[in-house]
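Student: got a predicted structure here, sequence first:
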Amino acid sequence: MSTNIYYFSATGNSLAVAKDIAAGLPEARIFSIPQVMDGEIDLDADRIGIVFPEYFSGIPRIVSDFIKRLEPKKIKFLFAVCTYGGIPANTLPELQGQLQAAGIRLNAGYAVPMPGSYIVKYGAFKKAKQEKLFRKEKEAVQKIVRDITVQKDAGVISGGFAIGRIGKFIYQSMLPKFPVLDRNFTVDEKCTGCGICKRVCPAGNVRMSEDQKPRWQGNCEHCMACIQWCPEEAIQYSLKTAGRERYRHPDIRPDEMFNRL
């Protein structure tokens, strides 16, 4: 049976999970959501998967936009996986609600803990903690693959009523702010003009100026890909990130993250 997995990833966590799931399923293919947003979305597979990170107890804007482009009648079985660095909170119920609004049933939803990457609040986890989480991810993927193989209606993980209400409030409060939060990004003299920040940006929100320095355009996903993948650590977010260790999934190459030329 065929499986098409669509993923959104900023630091490589969700891409790594998508690749691991695909490796366990025959006839599985993976697609970058940013790369298919302006083209045709292939829904002819027997199973469709969506893999993405939790953002403020909800789902990234680009995943919401992706859902709106899906054709309900073409989807036979749908599963989703959210990766998270703290708690999944209301993420999967939020996804389920948006899918239901689009006339789509979510057959199974899973949450997989991974090293946190929200550098605005903290630096990279210690290596030992990262390795522990990577081992847990492999175990979680094994179960997901078993369920998907038999197309199990596994339901959706919920954090409970109280956490759900709090999570929904946080998500609805933060989401409208994302596009213009890029005003807090700055670039310093270490910038070499390599353009990696532009290439990894899922929203096409980074342009290179005449002096080959990045400039943000006010349509940010707030995913932190630009700051995390900068090889010179020349990008900062306000005064909060100087000296904080960057994080990228160790098994993912920079070119695998490129969304733009």
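Tutor: Looks like it arrived, so ask away.

Student: use CA for all of it now, contacts and neighbours both
Tutor: Noted.

Student: where along the protein do the helices fall?
Tutor: 13-23, 33-36, 61-68, 91-101, 127-149, 161-174, 196-200, 225-229 (DSSP state H).

Student: least reliable of the ones you listed going by mean pLDDT?
Tutor: Note on the helices of the chain: lowest mean pLDDT is at helix 161-174, with a mean of 80.

Student: buried ones in it?
Tutor: Neighbour counts using 16 or more other C-alpha atoms under 10 Å place 163-164, 167-168, 170-171 of helix 161-174 among the buried residues.

Student: related to what we said a few turns ago, quick one: closest of the helices of the chain to residue 243.
Tutor: Closest to residue 243 of these is helix 225-229 (C-alpha to C-alpha; 12.4 Å).

Student: what is the closest one packed up against?
Tutor: Where contact means 3 or more C-alpha pairs under 8 Å, 6 or more residues apart in numbering; DSSP states H and E, helix 225-229 is packed against helix 196-200, strand 235-237.

Student: give me the neighbour count for residue 67.
Tutor: The local packing of residue 67 (other C-alpha atoms under 10 Å) involves 17 other residues.

Student: correction: the previous question concerned residue 87.
Tutor: 16.

Student: try the one 4 residues further on
Tutor: The local packing of residue 91 (other C-alpha under 10 Å) involves 32 other residues.

Student: that one contacts residue 82, doesn't it?
Tutor: Yes: using C-alpha atoms under 8 Å, residue 91 is in contact with residue 82, at 7.5 Å.

Student: any common contacting residues for the two?
Tutor: Residues touching both residue 91 and residue 82 by C-alpha atoms under 8 Å, 6 or more residues apart in numbering: residue 54.

Student: list the contacts of residue 244.
Tutor: 119, 122-124.

Student: by neighbours, which of these wins?
Tutor: For those, neighbours tallied by other C-alpha under 10 Å; top is residue 119, 21 neighbours.

Student: my guess is that residue contacts residue 242. True?
Tutor: No: here residue 119 does not reach residue 242: they are 9.9 Å apart, not a contact under C-alpha under 8 Å.

Student: intersection of neighbour lists for those two?
Tutor: Joint contacts of residue 119 and residue 242 (C-alpha under 8 Å, 6+ apart) do not exist.

Student: most tightly packed of the helices and strands packed on helix 225-229?
Tutor: The highest average neighbour count among the helices and strands packed on helix 225-229, using mean count of other C-alpha atoms under 10 Å, belongs to helix 196-200 at a mean of 26.

Student: the stretch 151-261 of the chain: strands as residue ranges?
Tutor: 155-156, 185-187, 206-208, 214-216, 235-237 (DSSP state E, counting those that start in this stretch).
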